[in-house]
Each structure stands twice: as C-alpha cells, then as structure tokens.
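1. Attaching a predicted model along with its sequence, questions to come.
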Amino acid sequence: MISKSIRIAADSVCDLPAELVDLLGVHIIPTYVNIGGESIADDGRQLNRARFYRELPTMESQPTTAAPSPGDAAAFYREILAAGADEIISIHVPEKLSATLNAMRLGAEAVDRNRITLVDSLQLAFGMGLQVWAAAELAMRGADRDSILAAIESVRRHTRVYAIIESMEYLRRSGRVNALAASLGGMLRIKPVINVADGEVTSIGRLRTWARAERRLRELTREQAPLDRLAILHVANRSGAERFLASIQDIAPSDTLVIETTPTIGTHIGPGSIGVATLSSNWRQ
Amino acid sequence: MFGAGVKGLSDNVALINELNVFPVPDGDTGINLYHTLRRAWQEIATIDEDAVCVVAERFAYGALMGARGNSGTIMSQLLTGFADGLAEAPVLTAPLLIDACQSAVARAYAAVSEPVEGTILTVAREARDSLSAEMSLDGMLASLVDAARTSLNNTPNLLRLLKDAGVVDAGGMGLLCFLQGIERQHCTDSPDIHLSAVSEIKRPLLPSPAAEVYGYDVQFLMMGELMDVDSVREEMERLGWSVIVVGDSSAIKVHVHVDNPALPLDYAVKAGAALTDVVIENMQLQAVDFAMRQEQLAYDIGVPAISVIAVVEGEGMQGIFRDLNCASIIAGGAGENPSTEDFVGAIERAQAQSIIILPNHKDVVQAAEQAAKLQTDKRVRVVPTRTMLQGISAMVAFGDASDKNLGFDAMVAVMEAACASVTTIQITRATRSARLNGLDIRRNDFIALIDGEIRVVGTDIDSALRDSLLLTGINDKELVTLYCGADFDITSASELIESLLMTIKGIEFEVVYGGQALYPLLVSIE
C-alpha cells in the first residue's frame, strides 16, 4: 500500500527561516501586523522585519497583531490539497493568546475537516518552529499521522523557550499578557526573564541589569543540554544574539540558528530583547 | 445598505478600541472590525448587482477573507450566516430578515468553541430575539438596533471583566454601530454612503497612570433648526478627540473628549442651539477609579504567601517600593523612626502569614526586630537593610524569587544576599565643619557616604559624585541609578550624567525621582 502524502502547515509566528521552509516543503500562512490604518501580512515580502523593528520605536501609534482570516485559511488549505496532499497537519500559535486557531478551524471546516489535523503548539516563535521542523522531517520520510503527532508532542515536552525583555515599555503598551506586565512594575528598568510554556507567558526572573539577566538566561539554557537543536532569537539585536551564542558555543549544535523573531511577538516584547528556543536530545526517546 | 453599516462602524473605531478589555485587553477590536468590514465593502463596492442574496453573499465572502481578530471572525460568521439565510432571494422582505438573522446567530455561535455571554454573540442573539413576524421591515431594523443597544448595556452584568473595567463589550459595540448605520440609512432612504478610506486611525495607548493627560468627557444634545451635522463634527474635531457627532438638522448628539469642557458648550450655545442632556465627566478621576478597581481586582486573586513591610521615606521612593510589590509601607526614616508598635500594627494588618520587614535605616532595625519577636501567630523575619537602596535591591530580589516560587527561608536568604550586591552612595550637605576619616569638611560642603562611611568631600555635587564613583571602582559595573531628592530636580541630575559621561564610559545611568529629604542624591551602583 502506498502511504498517504501528509503536508505540514503552520502560521508565520513559527519563525521557520525561508530556506528551511523550502527545504522541508512546509506551508506557511502569514499573520498580520496592523500599523496605523494598514494591515500587513508577515510573509517575508509585504513586511520587512528589519525595517519594521528599526521604525517601531518611533511609530506614532503602537502596532497591533492579528490572525489570518477564516477565508485566508480556507484558501490556504485548498491550495495545499490541490497540490496533491492527502492530509494536512497544521501547527499554530496558542489558542489562549491568539484567534489564529479558531480561524484555521473555520477554514478547515469550509474545505475538508477530515483531512486536516489542527495542533495547538502551546508555544511561540521557534518553540513552535521546532515542532514544525520535526513534523516536516517525518512527513518527508512518509511517516503516518499518528507518529507525526506523537513526535510533535514529544518535541513540545522537551522544548524550552526563554527570553530577556529589554524594556517593559512595549509589553505594557501592547496590552497582551496584561497580568504579567502589571506584576512587573515599571518605575525602575527591571529586565524580566520570561518563559513560554503551555500556551502562556510567565515571568521566571527579574534582574536589575542586562548582564545579570543574560547570566540567568545562560544558566537556564545550559540546564537543557545536551541539545538536539537550538535557536537564538532576537528583536533587532543580531549582535547581542551572536555574542550570547558565542558564550554558550560549547553546548550549541552545529546547525544552531540565529533568528530575528516574528513581529507578531517582537511588537509586544520590543527591540533589544533576546531569547532561546531549545530542544533537548532526549526528545527522541 | 451595507456601506452605511461599515460607515457606522468606521466612525467609531477609536471608541470601540477603547472599550476593548475582553478577551485580550489590547485595544484593537475597533481596528480589527474595521479591517474586516472594509474588506467586505471592497467586495461589493464595484459590483453591478441588485439581488440582495448576491450582495450579501459577496459582502460575507469579503468579511471572511478580511476577518481580523476574534470580533472580526465572529462578524464574518454573522454575515455568512445572514447570507445563507437569504437563500436565493432577490429582494429583502420582513420574513426573510427573520430567517437571515436566525441563521446568522446560529452560525456565529457554532464558530466559537466556547461561546461567552456578555459579548458580541449575546448582542447578536438578543437583537434577533426582538424580531417578530408581525413587524414591518422598517420596524425590524429599528427593533434590531434598540435590542442591540439594550443588550450591549447589559453586557457588564454578564461578564465580570467588563463590569470591573467599567465598560460595555467592544465587539458588541461594533455590531451596534454597524446595525445603527444600516438602520439610519434605510429609514432616511438616503443614497448609499460613499465610504471614504479611514486613512489614519490612531490606536489609543492603554492608560498608564503616570503620563496620560485625560481631560473631560463631554456629552450633550443640541436642539435647533437647520443645523449642520458635518460642521458641528468638524468643530468638535478641532476642539478635542474621540469625537462622535450624530443626528440631523433638528437634533444633534455630541460626544467629545476635551481639555476644557467649556469650549464645546460655548460653541453649541453660540451656534444658536438649545442644550439638553449635558454630561461632563472628569476622565482623570475615572482613570484613577479604574486603576483602583484594577488594584482591588488584583487583591481578589488571592492572598499572597509572603508580604513585605518596608519603612520608606519620600513619595517617589514609596512609589518605587509599591511598584516592586511591597505590600505595606510605613512612612518614616531619618529623624522619624517608626516605633515597635507601628510594626506590630502593620504585621497584624498584613494579609500573608509570612512577613518580611525591611527597616531601610540603621536606627530602625532594632524596633523592627523587637516587633518580629512579639509576634507569635505569623512568621516574621527582618532583613536588616540599612539604607533604602539596599531595600530596593532586596525588593528586586523578592520579585525575582517570587517568580521562582522560593520558600520563606530561601527568600530571606536571597534578599539578604542582594543587599550585599549593591554599592550605595549617599550625598548630602555637611551641617558643620569637621575633620573626619582624614577629610577636611567645611559647613555646606557636599559629602558622600559610600556604604555608610564618609569617604568624599567636594564643594559641588558634581565633583562629590564623580569622585565617589571613581573611588568605588566602577570598571566592572553596569548600572548607576540616581534617586533624586525632594529638592534636587531630575533635569539637573540628567545634566550631571551628561558631564559624567565625558569621563566615565561603558556604564548605563538611570535617573528616578525619590523625593527623599536630606539627601539630594542617593546613588546605587551594581
């Protein structure tokens, strides 16, 4: 019996670099950034991330972020199925934080609900990307749906996503994760260390200086070694991300990525921030 | 008809944004609904087609393609259901409108995995429920608007979050604006409105208690003859912001936010109108009220496991301690040392069973320890901070340790350690001449105490600060924070930093208002 062709889909919050998207044959649906009266797709063409972050500090009004529409989702799925896929596994930003999954579900219902499996990644940025990467590799090798879903689940359990927020300004302005922003105060420039897990963003540390926060981030990253995969994430701070990578070079896998994270997240945590997405080696066990 | 609905919404984007607190209080419901409906409008703007079923279907398709955010998605489902309910009908009739509304609400509810009442869903459902078969089409449109308004006003009773924030549901408001636009246009039988692009929508930043200028919320009804709605709106937009002006030549409802409430009223009276229903509210007070309710809400979440009581002098300093989640502040410090009894009272009032006291002054440590010994039913420990800056370091560590869920003893230990990780400089003026630590001090000289010891003397504050920074060896340090005293303004401190940056490189400076007496500058180095 010929195995079914399964394609992996995700939204652009997953931060998978364009080369990997092509190599793995993953389908990415863009989320949107609203700037003033304009709604711009984060598809690598309409929105230039580097330029967006350069301009973010001086924008007159705080940009907001938005999910794709159910219509976008239906068109997206239709195209993948038309290209010959038998099934789609579609991995997304947490339902607790975004309307994306709901839109994707409505889109899937309009197309063919039985051939599309929706997954709440419960992660953000490359924390999602790690699930997409692993799923796509298995799909390319012809794995069936259940084993791909099991792998996604295992990757999720062995993934950690931490970040240092450079300035609380953006989190406060954005209004997302409000309880977090409120608890962190704002009269002194505290550098919070945040953790993304189970679809939530929580503070796991508050340090008075960047160097102390970076030391904390390094400790947290080292706790996850040995690593199968690693990405250093940043918002308009490539040099900071590369310096951080150099300081943990001994545990970094050779294919470690340095990624400028999606504006869907960067808008809320602001320029200067850096973070990590780790996948521990024991996820395959 | 749909165009008028979109116009009704786009005129109110800013207002709807401001209402947005559920499910995510990010103030973007208005703009998301606007994007959704603008896309829908584009779909029908150019078609040459009169059959209502086709127009509705195209409009719904556009909304579906353009849907943004939760409210936008639900709106797109309402419109899709509406179009489905019209089936193949070429002309909208009263019985058809009932079917279409039934179908719209059913579709919208089905689209949400866990429907929440008190939202746009409730407003849509109750509007639909108001329709009955004997109504005319005009009567139905009016009924939809009335019922939507009633339902919207009731949303705070259904959703606690709205009530606490003192707002109605933003998405529901969006639906009402849309329906109102349709009804107004249908009943006046005016030609379909040309929808001009909303070029610039500024999203209001969420109120931050410190910086915002709130002004007044002014509302009134102008009664008169041959009044011009557009010119009233233009004038209001010139005078203030968040402008809503609706009505006709004989009655105009005005809503505007202004710094001076007299100006819009003055304009209206001079325009020859009689004014009724005048409401003026001070938004500053509303914001304070809002902040207090938020605070109350925070306390409702649960009793903290560990509370900190700190002795703090200076309003800026007290603000900083509160900001760092200090549960109770006893005002006092040099010359005004709180008594043991003050501590006992604060301990009794504290909600938590485990309490940490920060005396923040060497002369206060003893009274705090005395109070800690007297207590039996609560666990009380004193972290013997000798300055407020040590106290702030301890508070930062408290926040960090709370995130990590450290236990009581571990918490006390990290707070004690944090005090040691910061060097403090206190700069003040000598009250008399003296020779101390090998320094010749004249009256009115600036003297700097480094970790409590007089180490530097200077004739001006600049040199006292520079010399003490150099003396502490700041090469491996990262951050110098200046806390300005009550009689030392922040501008002078910023100028001071600019001159320091000429000689001291590679270190970050931060200036905050402390408001403490006696010390024009308190400085921490870490």
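-> Yep, it's here.
2. low-confidence ranges in chain A?
-> A:1-3, A:174-185 (pLDDT under 70).
3. rerun at 80
-> Along chain A, segments meeting pLDDT under 80 span A:1-3, A:36-37, A:44-45, A:60-62, A:169, A:171-186, A:285.
4. Domain ranges for it, per the record?
-> A:6-31+A:67-157, A:159-284 (automatic domain parsing).
5. And these: which comes nearest residue B:263?
-> domain A:159-284 (29.8 Å; C-beta to C-beta). Any C-beta I mention is one placed from the backbone N, CA and C, and that applies to glycine too.
6. Show me the strands in the stretch 251-400 of chain B, by range?
-> B:251-258, B:274-282, B:306-312, B:328-331, B:354-358, B:379-382 (DSSP state E, counting those that start in this stretch).
7. could I get the ones you listed as TSV with mean pLDDT and mean neighbour count?
-> Output for the strands of the stretch 251-400 of chain B, formatted as TSV (pLDDT from 0 to 100; neighbours: other C-beta atoms under 10 Å in any protein chain shown):
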stretch	mean pLDDT	mean neighbour count
strand B:251-258	75	21
strand B:274-282	75	12
strand B:306-312	93	25
strand B:328-331	90	19
strand B:354-358	94	25
strand B:379-382	93	20
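8. Kindly present the ones you listed as JSON lines, with separate columns for distance to chain A.
-> As requested, the strands of the stretch 251-400 of chain B are exported to JSON lines (distance: least, C-beta to the nearest C-beta, whole Å):
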{"stretch": "strand B:251-258", "distance to chain A": "16"}
{"stretch": "strand B:274-282", "distance to chain A": "23"}
{"stretch": "strand B:306-312", "distance to chain A": "13"}
{"stretch": "strand B:328-331", "distance to chain A": "14"}
{"stretch": "strand B:354-358", "distance to chain A": "16"}
{"stretch": "strand B:379-382", "distance to chain A": "21"}
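9. So for residue B:451, which of the ones you listed sits nearest?
-> Of all the strands of the stretch 251-400 of chain B, strand B:354-358 sits nearest to residue B:451, with 17.0 Å by C-beta to C-beta.
10. Sheet partners, orientation included, of the closest one?
-> Sheet pairing here is set by DSSP bridges, and for strand B:354-358 it gives strand B:306-312 (parallel), strand B:379-382 (parallel).
11. how far out from the middle of the chain is the shortest one?
-> This means strand B:379-382. Centroid displacement of strand B:379-382 relative to its chain, using C-alpha atoms, centre = their mean, to the nearest Å, is 35 Å.
12. what's the answer for the first one, then?
-> The chain centre lies 26 Å from the centre of strand B:306-312; the measure is C-alpha atoms, centre = their mean.
13. pull the CA atoms of it into CSV?
-> As requested, the backbone C-alpha atoms of strand B:306-312 are provided in CSV (Å, rounded to 0.1, in the frame of the first residue of the first chain):
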residue,chain,number,x,y,z
ILE,B,306,4.7,36.3,51.7
SER,B,307,4.2,40.1,52.3
VAL,B,308,6.9,42.7,52.7
ILE,B,309,6.6,45.6,55.1
ALA,B,310,9.1,48.4,54.4
VAL,B,311,9.9,51.7,56.1
VAL,B,312,10.3,54.3,53.3
